Each structure stands twice: as C-alpha cells, then as structure tokens.
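[1] Curious how this folds, go ahead:
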Amino acid sequence: MHSRESQHDLLGEIPSPSARLWVGVCIILSIFVVFAAYTIREIRWLEDYQVNVVQKNRKASLELLRLQNDAYLLAISLRDMTAARARYPIHEWRPEFMRMRRDMDDAVRLESDFAVSTPASSDKRSQLRRALQDFWRSADSVFTLAQRDNEAKARALIQTELEGKRAVISEIAARLLVLNDQAQAEATERISAVYGTVKRDVVVVIGVLFLLALGTGLYTLEANRKTFARLQHLTEQLQSQSEALQKLSWKLIDVQEETLRRVARDLHDEFGQILTAIGAMLGRAGKKALDEDSNRDGALVQELQAVQKIVQETLQTVRDQSQMFRPAILDDFGLEQALEWFVKQFSRQAGINVRFEAELRDGAFPPEDAIHLYRIVQEALANVARHAKAQEARVTLKEQDGELDLEIRDDGVGFAVGPESNRSSGDGLGLMGMRERAEHLNGSLAIQSAPGKGTTISVRVPLRKKMGIANRE
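    So this is what the prediction gives:
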C-alpha cells in the first residue's frame, strides 16, 4: 500500500502538457476560422464587385452607343433638312427631333446611373449635358424660324451651328466610351490588387499557422521527451525501491527461518535435555520410594508418577513444537521425507484425509531452499483446515524439465480468486507469504479456485539452479 502511494506521489509530480497543447490548438483553430471567414467575405465581395462593375460598364457603354446612334440619326436628318430638294419642310421634322431628344436624354440619364464615376468621366458627362442643352436650344431656334416661313435662315443655322454642336455631342460620347473602358480597366486592376492582397494574406496566415503548428509540434515533442524521461527516471526509482523491498522481504524470511531454527534447537537441546533429566530423576525417586516402603509411600509414588507423566507430555510437546519451528527431519533426510512426515502428522491432527505423492529423481535439495517449500505446504494445509471445509487433500511433489513442481489440491468450498486471495492466516503468513517464498526461490506460485470447486496451489521452482538470497543479491 505504501509502495502504491509512493508511486502515485511520484507520478503526480509529472507536469502535464495537455493544457498548453489545448491552448495552442484552440489558437490555431481560431486563427483558421477567422481567416477562413475573412477570406470568404473578401472573395464574395470581389465576385460581387467584379460582376457589378462589368454589368454596369456594359450597360453604360450600351447607353453611350445608343446616344451615338441618335447623334448619327440627327446627322442624317440635318443633311436631309438642308438638301436642295428636301421632301419635307423643316418644321415637320420637329416631332422626330423631339423623339430623339427624349431618347438621348434618357440615354444620358441611364449612362450616368450605370457608369463607374471618375473625376474625368464626371467632367465629360457635365460637358455632354451642356452640349445637348446647347444643341436643343439651337434646334428650337431653327424650328421657330421655319415656322415663321424663314426656311433659308433656318437651313443656314443648321449648317452653321447644329452640325457642329451635333459633332461635339458625338465626340463627347466617344470620349466617354474610352473613359468607361479605362474605368473598367482600373476596376480590374483594383480587383487584381485585392486578389493579390487576399493571396498574400493567405500565404501569411498559412505561414503563421505553419509556424504555430511547428511550434506546437516541437513543444509536444519536447514535453513528451521530458515526460518520458521523467517516467523512465521514476520507473528506475520504483524498480530500485521494489528490488530493495524484495531483498528486504527475502532477508526477513531468512532471518525468520534462522530464528525458528535456533528456537527449535534451543527447545530440543536445552529444554528437552532438562525435561529428560527431570523425568529420569523422577523415575529414580519413584523406584526408591517404592523399594523403601511401598505401603507407606504409595501416595508419594503415585504423585511422582503423575509428575513424571506431565514431564513426558511436556517433553513431547516441546519436541513437536521444535519440529514445527524447524523440523530436524528436513535437515537429516531431505524435503521428500519431511513432507511425508508432516502430511501424516497433519492428517492425524486435522482429521482430513491427505495423500502425499513424490516423484523425485534427485533427492539433493539444499535445506535452506527446501524449508521454503515446506513452509508453503505447511501454510496451504493450514488454510485447508481453517477455511476449505475439505474432506480430502493431496500434496504432489515431482521433478520435470529441470524444475520442481509442488501442488496442493483440496476438494473444499473454494473461493473467488482476486485481491482477497492475499488474505493472511492467523500466523500472518497467508497466500502472499507463500508467493513471496516461491519468488524467493526464483519460482512462481499460481492459485486456481472457484466457489464450490476446491482450490489448487501450484508452485514451480528451478531445481538445478543455485538458489538463495546470496545469489540474488
């Protein structure tokens, strides 16, 4: 638990680049959206402006052509009016002139509405209006003279004034056509300039977006590099701490076994000898009291025998506890005989039918390593007695493929394999301790169980590889 909290604290120190990356992405997207909207608006304006300029210039040019056509018709009419053999009197031309006047005034008005206004074209339009007004005043004078039967003066006025004023109108109209073409060319240049501006803006914005994307990418790479470097450093720290904790755990297991071995030896050597001596002394005292006066000291003999029995039971208990702490049979005869003896003892005491099967080709197994397998069997059968409610169990020990396989199987109630499978038994060892002992031997431990289907604990450790804490350090 402490290791997980330390790991969480260490990982919590790693700065996350996500916030800055999101800010960069949002800035890029905002610029893109704003620029896209601006570009679309500019392009639409250019399209509308171009269409508007072209259409208006075309309509204005058509009106000027209509004006020129009317001026040409006026020239023909003036020629007919001054011909030597004119078919009609001059005053009869007045309705035709009035019709052309309305048509020319309408053409001038529409041309002013459609044309692109420039200072030069505005000045020419003012000249055109004055020229038309001057022409129509002279035309009115001609028709007035003609109505007064003064045809000769009327023809002379046509030749001296109207022809020249009509030519001025035609010339101004032609000049306006040229100015309209120039205005359209200027509008095209402005459109091209705007297109150039938009193109330049596109290049600039694309460059800015590229730089932002490049900066964001470089920042991401650098942030990821630092993050992965930090993760690697923390991983090395965690691995170092994990290895240190594992070595400490193995050292504690070895110290525990050494302590139990010394306690077992002291119980067997010291207390066993003392209790044996006390039993022998009580036996001699009982025989002596019986020989001297059996009738008088019968009660004393019975008490001595009772004490001797208690001493013998205590001695047996001490020997049993000594075997539990550190079975001497393990050091004297090896793992197979020790497990066979323990299984019989457990089966007798727990009332559970436990079978032991062994298939070992090489009985040599270092006691400092064998004690861990012995403890695993000890803990597994203790769990069977406490929790499994089993009727039968089986312990199998066999050698294959250079490894030693140990299996403890029962037909008990079973349990759901999960975090709870690491629960400890009353003596504090538990399944977690069993797994630690298996790993201490460079091996592995697997648990298979399900509610109502019993439990199987499988241990596999290398057999011909030197094991022990010194080798791991």
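[2] hang on, Ala446 is in a strand, isn't it?
    Yes. Ala446: assigned to a strand according to DSSP: H, G, I helix; E, B strand; the rest coil.
[3] count of residues packed around the residue lying closest to it once chain neighbours are set aside?
    Once flanking residues are discounted, Ala446 sits nearest to Ser458: 4.7 Å by Cβ to Cβ, 6 or more residues apart in numbering. Any C-beta I mention is one placed from the backbone N, CA and C, and that applies to glycine too. Ser458 has 16 neighbouring residues, counting by other Cβ atoms under 10 Å.
[4] Any idea what Ser458 is bridged to?
    Taking DSSP bridges as the rule, Ser458 bridges to Glu407, Ala446.
[5] correct me, but Arg435 touches Leu445?
    Yes. Between Arg435 and Leu445 a contact is recorded at 4.6 Å, counting by Cβ atoms under 8 Å.
[6] thinking again about what came up before, could you double-check that the residue nearest to Ala446 lies in contact with Lys398?
    No. Using Cβ under 8 Å, Ser458 is not in contact with Lys398; the gap is 11.5 Å.
[7] Please tell me how far Val204 sits from Arg41.
    Separation of Val204 from Arg41 (Cβ to Cβ, to the nearest Å): 17 Å.
[8] Kindly apply the preceding question to Ser117 instead.
    Distance from Ser117 to Arg41, by Cβ to Cβ: 25 Å.
[9] Ok, Asp331 next?
    95 Å.
[10] Can you pick out the residue with more neighbours from these two?
    Set Asp331 next to Arg41 and count neighbours by other Cβ under 10 Å: Asp331 wins out with 14 against 10.
[11] Now do the same for Phe415: helix, strand or coil?
    Applying three-state DSSP: Phe415 is coil.
[12] Relative to His387, how far out is the nearest residue to it once chain neighbours are set aside?
    Spatially, and ignoring its direct neighbours in sequence, Phe415 is nearest to Ser449 (5.4 Å; Cβ to Cβ, 6+ apart). Computed with Cβ to Cβ, the distance linking Ser449 and His387 is 11 Å.
[13] Just want to know which of the two has more residues nearby.
    Ser449 (19 against 16).
[14] contacting residues around that one?
    Listed by Cβ atoms under 8 Å, 6 or more residues apart in numbering, the contact partners of Ser449 are 414-417, 421, 455-456.
[15] and Pro327, what does it touch?
    Neighbours of Pro327 in contact, by Cβ under 8 Å, 6+ apart: 338, 341-342, 374.
[16] Compute the distance between the closest residue to Leu73 other than its chain neighbours and Leu132, please.
    Closest residue to Leu73 apart from its sequence neighbours, by Cβ to Cβ, 6+ apart: Met100 at 6.3 Å. Met100 sits 11 Å away from Leu132, going by Cβ to Cβ.
[17] more crowded one of the two?
    Leu132 (21 against 18).
[18] Now do the contacts for that one.
    Residues in contact with Leu132 (Cβ under 8 Å, 6+ apart) are 104-105, 108, 169.
[19] All the helices of this structure, residue numbers only.
    2-12, 18-81, 94-114, 119-147, 151-157, 163-266, 272-292, 298-325, 328-333, 335-350, 367-383, 430-440, 469-472 (DSSP state H).
[20] For the stretch 101-250 of the chain, give me the ranges with low pLDDT.
    The model of the stretch 101-250 of the chain has pLDDT under 70 over residues 242, 244-250.
[21] From Val168, how far off is Asn224?
    Asn224 is 82 Å from Val168, by Cβ to Cβ.
[22] Outside of stretch 133-143 itself, list whatever touches it.
    Outside stretch 133-143, the residues touching it (Cβ under 8 Å, 6+ apart) are 90-91, 93-94, 97, 101, 154, 157-158, 161-162, 165-166, 168-169.
[23] ok, 6 Å please
    91, 94, 97, 101, 154, 157-158, 161-162, 165 (Cβ atoms under 6 Å, 6 or more residues apart in numbering).
[24] Columns distance to Glu186 on top of these, output as JSON lines?
    Shown next, in JSON lines, are the contacts of stretch 133-143 (distance: Cβ to Cβ, whole Å):
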{"residue": "His91", "distance to Glu186": "47"}
{"residue": "Arg94", "distance to Glu186": "42"}
{"residue": "Phe97", "distance to Glu186": "37"}
{"residue": "Arg101", "distance to Glu186": "33"}
{"residue": "Ala154", "distance to Glu186": "45"}
{"residue": "Leu157", "distance to Glu186": "42"}
{"residue": "Ile158", "distance to Glu186": "40"}
{"residue": "Glu161", "distance to Glu186": "37"}
{"residue": "Leu162", "distance to Glu186": "36"}
{"residue": "Lys165", "distance to Glu186": "31"}
